[in-house]
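In: output the structure for:
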Amino acid sequence: MNKTDEVIELYLQEIRNAIHNIVPCETFIEGLRQELQDALNSSGDCTLEELISQFGNPETLAKEFLEETEEFQPKKIAKSKRKRNIIIGALIVILVASLGYLYVIHSHTQAKPVQTIETIEE
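Out: Okay, here's the model as predicted:
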């Protein structure tokens, strides 16, 4: 691995770190790696600062990637998790209320005094 490849890997690692494993990004990273290698093939060795000045800040690229990946946006993920938690909570409340209601009905039927009326026929 030459120095340019090491710099590219360092640059790509900074992008991965900025994405924080929120979304699968390997396809994006591999495409970007290929673009960087193609662009830097003729220029020889470069530094991380040169790479950043030519292609942009890794955090900015990661932010743009996350914004373009709509289905995996953190806000949407949080919203869907919140909705799921509300539904689960509502179902638990309904289940507990139903069990409580059944217990009350059962205890009332067990505690009722029973009168027996006997008719005597002669």
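In: secondary structure class for the residue nearest the centre of the chain?
Out: For the chain, the residue nearest the mean C-alpha position is residue 77 (4.8 Å; CA atoms, centre = their mean). The three-state assignment at residue 77 reads helix, by DSSP: H, G, I helix; E, B strand; the rest coil.
In: stretch 13-21: which residues count as buried?
Out: For stretch 13-21, burial by neighbour count (16 or more other CB atoms under 10 Å) applies to 14, 15, 18, 19. Placement of C-beta: from N, CA and C, glycine included.
In: ok, stretch 58-74 next?
Out: 58, 61, 62, 65, 66, 69.
In: in contact with residue 16, which residues?
Out: By CB atoms under 8 Å, 6 or more residues apart in numbering, the contact list for residue 16 reads 25, 29.
In: and what about residue 118, helix, strand or coil?
Out: coil.
In: and it, how many neighbours does it have?
Out: By other CB atoms under 10 Å, 4 other residues sit near residue 118.
In: and if you look at residue 48?
Out: Counted by other CB under 10 Å, the residues lying close to residue 48 total 14.
In: same thing with the one 4 residues further on?
Out: When neighbours are defined as other CB under 10 Å, residue 52 has 15 of them.
In: that one reaches residue 58, doesn't it?
Out: Yes - in this structure residue 52 lies within contact range of residue 58 using CB atoms under 8 Å: 7.3 Å.
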